[in-house]
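Enquirer: I'd like to go over a predicted model; first the sequence, then the structure.
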Amino acid sequence: MKAAVLYKPGFPLPVENVELQKPQSGEVMVKLSAAGVCHSDYHFVSGFFTPTRTPLVMGHEGAGIVTEVGENVKTVNVGDKVILSMDSMCGKCKNCTIGQPTMCLTYPRTFKMPDGTTRFKKNGTELYHMVGTFSEYTVLPEDQLVIIPQETPLDKACIIGCAVITGIGSVINRAKVKMGDTTAVFGCGGVGLNTIQGCSIAGASKIIAVDTVDSKLEKAIELGATHTINPTKVDAVQAINDLTSGGVNFAFDVVGDPKVIKTAFTSTRPGGTTVIVGIPPTDLELSIKGWDILLDRTIMGAFHGGARARHDFLWILDLYNTGRIKLDELITGYRPLDEINEAFDDLIQGKSIRTVLTF
Ligand SMILES: [Zn+2]
Ligand SMILES: [Zn+2]
């Protein structure tokens, strides 16, 4: 079967034949139906973000159908439709128990299976994977799957596992934006547009979209933004101050760039919160004036939207099915797995929001 495997950053991603072993105890094999192409995948391929292990079967956003279950699997059956989560959730450790399954202690991010081995191989060499959605099939712990209703369209639901939950979850689970709060969202790609959708369902009174690409700002309006700012044309901090009489309650950085984080922080009012949603470079250090923090400001991380996948993915699907959030509008094209590098080109040239690979 075919998979996209990262050997070394800085080169096009090869799609090649690999071997996949049967699921072991507690593991499940999934046939991928659709997989979203995320900017973080490109961060690995370009070398912006150093992969901890290679060779690595790429892709972390996807949905499919269970084709085989290993021994001792209790919660998933062959034929179930599933969304794959980036995080395995044991449901029993201290962090899962207090409602933070993205920080599950039973499943540290090793890029291997829980028993320390891998299921993907190529000519006898182990291939690592986190989710492995750029592949015709993958094997994962059953604790990494969320069963969804059979009528769910997988070519739409596949983007819930990263883009949608990371954006909406950052607003609802982490920031806990309230009715009437003012918000600004810096970066209007796949995750940023979902952050905007999150602010909209939370009842934010102002949702200010900030991006350097005008077409993305138009999309932001379609998804619920009330105002737009292009920082290449106006001073974003000044414009946000004018719109909100002194700064927003919540500023979301969905870029991961130190300058953007600082601009987001500067656009908050005293008492306001800056939420870091984008992935910053691994060794980035931030410098902020102590006095500005002292004025009741908060800087908060929001890894994977604080996802409680088994709960959140299902209510997000309900909101989609009843027309209260949009997924179709976020998907700008479909391509086969073989065109993964063209999908990355579209992404970095600002031509796509989400390309979905179909199998
Ligand atoms: Zn992602
Ligand atoms: Zn756990």
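Expert: Cool, got the structure. As the structure is a computational prediction, the values presented were derived from the model and not from experiment. Ligands and ions are numbered 1, 2, ... in the order given.

Enquirer: ok, whichever residue of the stretch 201-350 of the chain sits closest to ligand 2 - contacts?
Expert: Closest approach between the stretch 201-350 of the chain and ligand 2, counting by C-beta to the ion: residue 308, at 11.3 Å. Using the backbone N, CA and C atoms, a C-beta is placed for each residue, glycine as well. Residue 308 is in contact with 89, 99, 101, 173, counting by C-beta atoms under 8 Å, 6 or more residues apart in numbering.

Enquirer: could you do residue 45 as well?
Expert: Contacts of residue 45 (C-beta under 8 Å, 6+ apart): 6, 9, 13, 58, 344.

Enquirer: what count of nearby residues applies to the third one?
Expert: Burial measure for residue 13: 21 neighbouring residues, criterion other C-beta atoms under 10 Å.

Enquirer: cool, and the fourth one?
Expert: A count of nearby residues for residue 58, using other C-beta under 10 Å, gives 26.

Enquirer: in terms of pLDDT, where does residue 258 sit?
Expert: The score at residue 258 is 91. That number is its pLDDT.

Enquirer: can you pull the phi/psi pair for the residue most central in space within the chain?
Expert: By C-alpha atoms, centre = their mean, the chain has its centre lying nearest to residue 162, at 2.8 Å. In terms of degrees, to the nearest 10, the main-chain angles of residue 162 are phi -130, psi -70.

Enquirer: give the contact list for it.
Expert: Contacts for residue 162 (C-beta under 8 Å, 6+ apart) come out as 36, 38, 40, 60-61, 86, 190-191, 304.

Enquirer: could you do residue 348 as well?
Expert: If you count contacts by C-beta under 8 Å, 6+ apart, residue 348 has them with residue 42.

Enquirer: if I look at the residue of the stretch 201-350 of the chain closest to ligand 2, what pLDDT would I see?
Expert: pLDDT, residue 308: 97.

Enquirer: and the gap between the closest residue to residue 50 other than its chain neighbours and residue 11?
Expert: Excluding its sequence neighbours, the residue lying closest to residue 50 (C-beta to C-beta, 6 or more residues apart in numbering) is residue 282, at 6.1 Å. Note on residue 282: its distance to residue 11, by C-beta to C-beta, to the nearest Å, is 20 Å.

Enquirer: more neighbours: those two, which one.
Expert: Neighbours were counted for residue 282 and for residue 11 using other C-beta under 10 Å; residue 11 has more, 12 against 9.

Enquirer: what's the helix or strand for that one?
Expert: Residue 11 belongs to no helix or strand when elements are defined using DSSP states H and E.

Enquirer: quick check: phi and psi at it.
Expert: Torsion angles, degrees, to the nearest 10, at residue 11: phi -130, psi 160.

Enquirer: ok, now residue 56?
Expert: Backbone torsions of residue 56, given as degrees, to the nearest 10, read phi -130, psi 120.

Enquirer: tell me the contacts of it?
Expert: So residue 56 contacts 5-6, 44, 111, 127-130 (C-beta under 8 Å, 6+ apart).

Enquirer: would you confirm that residue 57 contacts residue 122?
Expert: No: Residue 57 is beyond contact range of residue 122, at 9.5 Å (criterion: C-beta atoms under 8 Å).

Enquirer: joint contacts of these two?
Expert: In contact with both residue 57 and residue 122: 5, 18, using C-beta under 8 Å, 6+ apart.

Enquirer: between the two, which one's more packed in?
Expert: residue 57 (25 against 16).
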